[in-house]
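A.B. asks: below: sequence and its predicted model.
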Amino acid sequence: MKERNSQNGYVSIDAVDRHVIRRISDFESKEMQRILIIEDEKEMALGLKDLLELEGYEATTAETGKEGLQALSRKAPDCIILDLMLPDMSGYQVCEQIRQKADTPILMLTAKGQDHDKILGFKAGADDYLTKPFSVGELLARVMALLRRSSQFAPDKDLIRVGPNLVDVKHFTVRRGKKERSMSYYEVELFKLLYARANQPVTRDEILDKVWGTEKYPTNRTVDNFIVKLRKKIEEDYRSPRHILTIYGVGYKLSP
Ligand code: CA
């Protein structure tokens, strides 16, 4: 790996970074996620591109805000690294324009001394920020955290991670380690509803309404029975659940 040590570039990779990178890499499955880098400083942009490609990402660069927005509409990236200082427009403006069309996670880069502008960055819709100069380990950790967060809560994803399980809502299966079990239609629908509202309680009435809808016979008992079925597939011990939680007097909550 190339080590760079420019004034406003990132610093060289130290032992801690290497450790962080290796540890995170072991965890992540690389399915060629795309990252767009909007940065006018050539050395920085190319350095980041090299680094992300080495880590198994597909990276593209844009030198101006306008170019970045064009790149975005050509091919939707999974994450955007956006520099605050660009020649044609500010990172805030770019951020606001991106937010009008996409929820893509944005990591904003600011230079030292611009720290007070972070609030503006968040207001413009940035998800995280990093102050230059930064270490490559930190950058990678932030990017990966953003990618993980967005894939976890994106409702259109077929594969959803809940604790050690991987739920495939398209193929009606749940996998833990090497063990794969099938799920029924109602189990998947119930799971999808809880997942869409992850970390918030969903009432039994709402579950009945949205999952069973106009069906004639379901009762609150039906919901409870299906919760038990789901727990048996997702929880390590369904009698002391850690992911599908009962909110007494209200309903249930999924904690992925
Ligand atoms: Ca810049």
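C.D. replies: Yep, it's here.

A.B. asks: helix or strand with the lowest mean pLDDT in this structure?
C.D. replies: Across the helices and strands of the chain, mean confidence by mean pLDDT, DSSP states H and E is lowest for helix 15-27: a mean of 45.

A.B. asks: next secondary structure after that helix?
C.D. replies: strand 34-38 (DSSP states H and E).

A.B. asks: give me the mean pLDDT for that next one.
C.D. replies: The average pLDDT within strand 34-38 is 96.

A.B. asks: likewise stretch 102-113?
C.D. replies: Stretch 102-113 carries an average pLDDT of 84.

A.B. asks: can that stretch be said to contact the ion?
C.D. replies: No. On the criterion C-beta under 5 Å from the ion, stretch 102-113 is out of touch with the ion, staying 7.7 Å away. For glycine as for every other residue, the C-beta is placed from the backbone atoms N, C-alpha and C.

A.B. asks: what is the host helix or strand of Gly137 packed up against?
C.D. replies: For Gly137, the element it lies in under DSSP H and E is helix 136-153. Packed against helix 136-153 by the contact rule (3 or more C-beta pairs under 8 Å, 6 or more residues apart in numbering; DSSP states H and E) you find helix 15-27, helix 42-54, strand 79-83, strand 106-111, strand 128-132.

A.B. asks: how far off centre is it?
C.D. replies: Remark: helix 136-153 is offset 7 Å from the chain centroid, using C-alpha atoms, centre = their mean, to the nearest Å.

A.B. asks: tell me the first helix or strand C-terminal of it.
C.D. replies: strand 159-162.

A.B. asks: please put the alpha-carbon coordinates of whichever helix or strand comes after that following strand into CSV.
C.D. replies: Next along the chain after strand 159-162, taking DSSP H and E as the criterion, comes strand 165-168. What follows is strand 165-168, C-alpha atoms only, in CSV (Å, rounded to 0.1, in the frame of the first residue of the first chain):
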residue,chain,number,x,y,z
ASN,A,165,-28.8,-14.3,11.5
LEU,A,166,-29.2,-13.4,7.8
VAL,A,167,-32.8,-13.2,6.8
ASP,A,168,-33.5,-13.4,3.1
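
A.B. asks: strand 165-168 pairs with which strands, parallel or anti?
C.D. replies: Sheet pairing for strand 165-168, assigned by DSSP bridges, gives strand 159-162 (antiparallel), strand 173-176 (antiparallel).

A.B. asks: can you list these in a markdown table and add mean neighbour count?
C.D. replies: Formatted as a markdown table, the strands paired with strand 165-168 follow (neighbours: other C-beta atoms under 10 Å):
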| stretch | mean neighbour count |
| --- | --- |
| strand 159-162 | 18 |
| strand 173-176 | 17 |
